[in-house]
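Student: following is a predicted model, sequence given first.
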Amino acid sequence: MKVLVATRRSQGARRLDFDDCVEGELVWIATPCGRGLAPDHSYCSCSITFVGVASFGMTTTAMVTDLEAMTPERYEESLADALHCVRGLDGHVAETAAGLAGVAEVLPVGTVLERFNSWLQPRFDPETSALNPSILDLPELHD
């Protein structure tokens, strides 16, 4: 089954990159607080990160991987274990698991994703392997 996992692959390519997750752990997407990106380019990390299921660390990159032993039931159980203490999400585990699996299913294994609020995008152009423009439309480190 294809799922999203934390990855350090391409960390540092964006000015706002950071990673506090365990490499390869399952990730989920927290509901953003709504602050978003301010005119001064300040932001809330909840709008650009994936959250580790085991570590509750945050990362700006997630990767599609195919875990042979993963099933929809196991995926839901893994998320349920992590989200049971997050207020308001414990009743939406099946929906969250299905949504994340749906994203992973349509992308090739190895695709690195980044996000801003509800928008997700591959970090690299699949045809050229070039870094896609920032989803936040901010200048890059290597301009």
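Tutor: Looks like it came in fine. Residues are numbered from 1 along each chain as shown.
Student: please count neighbours and contacts with C-alpha atoms only from this point.
Tutor: OK.
Student: could you pull out the strands for this protein?
Tutor: Taking DSSP state E to define them, one finds strands in the chain at 2-6, 27-28, 50-52, 58-59, 62-66, 112-116, 119-122.
Student: between those, which one is nearest to Glu95?
Tutor: Smallest distance to Glu95 across the strands of the chain (Cα to Cα): 11.8 Å, for strand 27-28.
Student: my read: Leu4 touches Ala104, true?
Tutor: Yes - using Cα atoms under 8 Å as the test, Leu4 is close enough to Ala104 to be in contact (6.2 Å).
Student: okay, and the common contacts of the two?
Tutor: Here Leu4 and Ala104 have Val64, Thr65 as joint contacts, going by Cα atoms under 8 Å, 6 or more residues apart in numbering.
Student: neighbour count winner among these two?
Tutor: Leu4 (28 against 22; other Cα atoms under 10 Å).
Student: contact partners for the most centrally placed residue in the chain?
Tutor: In the chain, the residue lying closest to the centroid (Cα atoms, centre = their mean) is Phe50, at 3.6 Å. By Cα under 8 Å, 6+ apart, the contact set of Phe50 is Ala6, Val27, Trp28, Ile29, Ala30, Met58, Thr59, Thr60, Thr61, Ala62.
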